[in-house]
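> fold the following, please.
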Amino acid sequence: MNNLTEYTLNFMEEILNIPSPAGDTGICMKRIEKEFEALGYVVEKSKKDSLYVTIKGEDDEHHKMIVGHVDTLGAIVKEVKPNGRLKLAQIGGFSWASLEGENVLVHTDTGKQISGSILPTKASIHIYSDEVRVMERTDDTVEVRIDEFTKSKEETKALGIKVGDFVSFEPRHVQCDNGFIKSRHIDDKSAVAMILGICKYIKDEKITPKYTTHFNISNYEEVGHGVSYLPEKTDELLAIDIGLVGPNQESRETSVCIAAKDSRTPYDFKLRKKLSDICEKNGIEYNVDVYNRYGSDASVGVLQGLNVNFACVGPGVDATHHYERTHVHAIENTMALLIKYAIQ
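Numbering: from 1, shown residues only. From the prediction side, this is the model:
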């Protein structure tokens with residue numbers, strides 16, 4: 001494992017363990033901002049508090065922007081129930097079955113964090129028998145059991161928990177000896193770590209990119225409005241997201257995956273071809289794929305009216321929006337493509 005890969009994987013693990021459900025990303029953003037500054041970059045913020053770093057190129061008339069999002073799936077307290085437990089509303093799209101038994105943190109507006117677990121309202125097989133097996137997991141049949149002595153709405157509220165508090169899910173990051181990485185929220189904190197890795201590489205190697213390049217950390221992608229501002233002169237918007245590994249998909253856990261189309265739109269063919277040509281020329285393992293029930297900062301941005309060519313790439317990830325898994329090789333291949341794209 002080379003030093004750049006090690007740096008990227010270490011930073012990815014660190015930020016995976018900093019909660020950042022969409023709408024409550026401030027603490028993780030501060031850590032990322034601090035890291036950019038440690039690398040010697042000036043960080044700017046949009047009005048929505050997304051982060052921008054700009055590296056001036058030889059050509060300052062034609063700009064690129066590369067974006068990854070820090071926000072993750074999560075939940076928000078919808079109701080403090082009469083039994084003292086919490087009813088949740090989802091942030092982002094996922095199945096409640098994928099969260100059953102997961103540990104969570106409830107983030108109160110005073111900064112206090114209270115641990116809990118996501119459980120069905122009928123969890124014990126000893127008490128409810130086959131009902132546990134057949135009961136559908138929905139907003140109404142899933143709750144948070146908080147780790148405090150409380151059995152009433154009043155007792156829970158006395159802890160400082162209220163409607164509107166954010167809830168984050170334990171990532172359970174594991175890096176296996178054979179290179180597999182499993183964790184919640186690889187979508188999209190792998191992209192954020194890769195952006196830092198690319199910026200570190202450019203700084204360490206004293207590279208001046210051919211074109212001025214902006215790096216953006218967005219913070220509302222999972223809810224559909226991540227990129228709503230482009231720096232002036234930006235011609236190309238490249239989103240780093242995840243490739244979908246599964247039946248009837250081309251994407252693999254060892255490759256960089258290039259999206260040809262998602263559920264919203266085809267991607268710009270010329271830019272997509274430029275990316276695949278870089279892979280072919282440099283021996284980078286890649287796949288081109290089509291994704292259902294999927295959008296990215298790039299495709300959502302153009303649908304909001306951004307006037308820019310657009311593409312999306314990312315590492316192949318299995319079990320997306322569940323307990324996700326990728327491989328070191330996918331991170332390395334994605335970074336190899338991104339570095340070549342960013343500097344030429």
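
> list the contacts of residue 9.
Applying CB atoms under 8 Å, 6 or more residues apart in numbering, we find residue 9 in contact with 1, 175, 181, 193, 328, 331. All C-beta atoms are positioned from the backbone trio N, CA, C, and that covers glycine.

> again, only this time at 6 Å
The contact partners of residue 9, by CB atoms under 6 Å, 6 or more residues apart in numbering, come to none.

> and what of residue 81?
Applying CB under 6 Å, 6+ apart, the residues contacting residue 81 are residue 87.

> quick check: pLDDT value at it.
Predicted confidence (pLDDT) for residue 81: 98.

> measure it to residue 93 for me?
24 Å (CB to CB, to the nearest Å).

> do residue 196 as well
Counting by CB to CB, the gap from residue 196 to residue 93 is 27 Å.

> more neighbours, the two?
residue 196 (24 against 12; other CB atoms under 10 Å).

> now the more buried one. Its backbone dihedrals?
phi -60, psi -40 (degrees, to the nearest 10).

> any idea how far residue 123 is from it?
40 Å.

> with residue 3 instead?
46 Å.

> between these two, which is the more surrounded one?
Taking other CB under 10 Å, residue 3 and residue 123 do not tie; residue 123 has more neighbours (17 against 10).

> not counting sequence-adjacent ones, nearest residue to that one?
In space, and not counting its chain neighbours, residue 123 is closest to residue 132: 6.6 Å by CB to CB, 6 or more residues apart in numbering.

> and the one helix or strand the one you found maps to, what does it pack against?
Using DSSP states H and E, residue 132 maps to helix 131-134. Counting contacts by 3 or more CB pairs under 6 Å, 6 or more residues apart in numbering; DSSP states H and E, helix 131-134 packs against no other helix or strand.

> tabulate the CA atom coordinates of that helix in PDB.
Taking C-alpha atoms only, helix 131-134 is exported to PDB below (Å, rounded to 0.1, in the frame of the first residue of the first chain):
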ATOM      1  CA  GLU A 131     -45.000 -11.900  14.800                       C
ATOM      2  CA  VAL A 132     -41.400 -10.900  15.100                       C
ATOM      3  CA  ARG A 133     -40.600 -12.800  11.900                       C
ATOM      4  CA  VAL A 134     -43.500 -11.600   9.700                       C
END
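
> tell me the helix or strand right after it.
strand 142-146.

> from residue 170, how far out is the closest residue to residue 113 other than its chain neighbours?
Leaving out its chain neighbours, the residue that sits closest to residue 113 by CB to CB, 6+ apart is residue 105, at 4.8 Å. Going from residue 105 to residue 170 by CB to CB gives 8 Å.

> so where does the residue nearest the centre of the chain fall, helix or strand?
For the chain, the residue nearest the mean C-alpha position is residue 188 (2.0 Å; CA atoms, centre = their mean). Using DSSP H and E, residue 188 sits in helix 186-204.

> output that helix as CSV, restricted to C-alpha atoms.
In CSV, the C-alpha atoms belonging to helix 186-204 read as follows (Å, rounded to 0.1, in the frame of the first residue of the first chain):
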residue,chain,number,x,y,z
ILE,A,186,-18.8,4.5,2.2
ASP,A,187,-21.3,6.5,0.2
ASP,A,188,-19.9,9.1,0.1
LYS,A,189,-17.1,9.6,2.6
SER,A,190,-14.8,7.5,0.4
ALA,A,191,-15.2,10.4,-2.1
VAL,A,192,-14.4,13.0,0.5
ALA,A,193,-11.2,11.2,1.6
MET,A,194,-10.2,10.8,-2.1
ILE,A,195,-10.6,14.5,-2.7
LEU,A,196,-8.2,15.2,0.2
GLY,A,197,-5.8,12.6,-1.1
ILE,A,198,-5.8,14.2,-4.6
CYS,A,199,-5.2,17.6,-3.1
LYS,A,200,-2.4,16.2,-1.0
TYR,A,201,-0.8,14.6,-4.1
ILE,A,202,-1.0,17.8,-6.1
LYS,A,203,0.5,19.8,-3.2
ASP,A,204,3.3,17.2,-2.5
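
> may I have the strands that pair with the helix or strand just after it, each with its orientation?
Going down the chain from helix 186-204, the next helix or strand is strand 211-218, by DSSP H and E. Paired neighbours of strand 211-218 in the sheet (DSSP bridges): strand 51-55 (antiparallel), strand 59-69 (parallel).

> now mean neighbour count too, for those, in JSON lines please.
Listed next are those as JSON lines, based on neighbours: other CB atoms under 10 Å:
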{"stretch": "strand 51-55", "mean neighbour count": "20"}
{"stretch": "strand 59-69", "mean neighbour count": "21"}
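
> now those strands in CSV, with distance to residue 253 and mean pLDDT?
Below are the strands paired with strand 211-218 laid out as CSV (distance: least, CB to CB, whole Å; pLDDT from 0 to 100):
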stretch, distance to residue 253, mean pLDDT
strand 51-55, 29, 98
strand 59-69, 19, 98
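
> for residue 288, which of these is the nearest?
Nearest of those to residue 288, taken as CB to CB: strand 59-69 at 19.0 Å.

> rewinding a little: what is the mean pLDDT for the helix holding residue 132?
95.

> what does stretch 111-127 give?
Mean predicted confidence for stretch 111-127 is 97.

> list the buried residues for that stretch?
By 16 or more other CB atoms under 10 Å, the buried positions in stretch 111-127 come out as 114, 116, 117, 118, 119, 120, 121, 123.

> any idea which of these is closest to residue 307?
residue 118 (42.1 Å).
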